[in-house]
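S.K.: Could you work out the structure for the sequence below:
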Amino acid sequence: MRRLPRLTGLFLIVIFATGAAANAQAPATATLTFVDLTGKSHSLGEYQGKVVVLNFWATWCFPCREEMPMLNKLAPELAERDVIFLAVSLDDEPSRSKIPRFIEKKKITLPVFTGGTAATLAQFELGNVVPATVIFDRDGSPVFRILGEASKKDIASRVDWLLSDRTGKKPKELRKNL
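M.R.: Numbers count the residues shown, from 1 in each chain. Model prediction:
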């Protein structure tokens with residue numbers, strides 16, 4: 001019986017330490033900011049409570065030219081299920097001027113941001129290739145990574161799993177065409 005208080009205390013320490021570690025990761029993601037095409041800053045934390053499909057792309061990326069229209073078409077299909085798609089460009093200062101034309105030509109209606117960098121890709125363990133996609137749970141935790149061009153099925157199956165009771169097999173992370 002003397003051990004019970006010690007074990008209970010140890011158990012509580014482990015629980016609080018685990019919770020603190022989990023909470024320590026969330027703010028870093030939540031405070032990640034990008035700039036929209038009007039120059040206004042937005043935080044990834046603004047979308048907490050929704051499943052977020054965060055796609056990194058660039059105007060000079062050939063696979064991105066195929067993937068962006070697919071994401072644009074899929075976004076409204078999943079919007080009613082509290083899923084939001086965000087596109088973050090890795091275009092540098094000289095090529096950013098091409099973004100509005102790209103969006104117009106491809107008829108992209110997704111929220112598009114600038115300010116993505118190689119460091120941002122590294123933060124999410126995406127390597128150094130675009131396109132790359134991170135899918136976040138409603139609590140803002142990154143759950144899936146897709147390196148390379150994603151298909152509609154790649155995105156939909158992972159979002160469906162996040163929105164389900166998660167009793168089925170969890171889809172794997174993808175490394176495509178690398």
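S.K.: just checking, next helix/strand downstream of the least confident helix or strand in the chain by mean pLDDT?
M.R.: Within the chain, no helix or strand scores below helix 3-30, which has a mean of 39 by mean pLDDT, DSSP states H and E. Going down the chain from helix 3-30, the next helix or strand is strand 33-36, by DSSP states H and E.
S.K.: Show me which residues of that following strand are buried.
M.R.: residue 34 (16 or more other Cβ atoms under 10 Å). Every residue, glycine included, has its C-beta placed from N, CA and C.
S.K.: What of stretch 152-165?
M.R.: Neighbour-count burial for stretch 152-165, counted by 16+ other Cβ under 10 Å, picks out 154, 155, 158, 159, 161, 162.
S.K.: In TSV, list the residues you listed along with pLDDT and secondary structure.
M.R.: Putting the buried residues of stretch 152-165 into TSV (pLDDT from 0 to 100; DSSP: H, G, I helix; E, B strand; the rest coil) gives the following:
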residue	pLDDT	secondary structure
154	95	helix
155	96	helix
158	95	helix
159	96	helix
161	93	helix
162	94	helix
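S.K.: Which single one of the residues you listed is nearest to residue 89?
M.R.: Set against residue 89, the nearest of the buried residues of stretch 152-165 by Cβ to Cβ is residue 155 (18.6 Å).
S.K.: What is the subsequent helix or strand relative to the helix or strand harbouring residue 105?
M.R.: For residue 105, the element it lies in under DSSP H and E is helix 99-106. Remark: after helix 99-106, the chain's next helix or strand is strand 112-114, criterion DSSP H and E.
S.K.: Partner strands of that following strand and their direction?
M.R.: strand 33-36 (antiparallel), strand 83-89 (parallel) (DSSP bridges).
S.K.: neighbouring contacts of it?
M.R.: Strand 112-114 has contacts (Cβ atoms under 8 Å, 6 or more residues apart in numbering) with 34-37, 42, 86-89, 91, 96, 99, 103.
S.K.: switch to 6 Å and redo it
M.R.: For strand 112-114, contacts defined as Cβ atoms under 6 Å, 6 or more residues apart in numbering pick out 34, 35, 36, 37, 87, 88, 89, 96.
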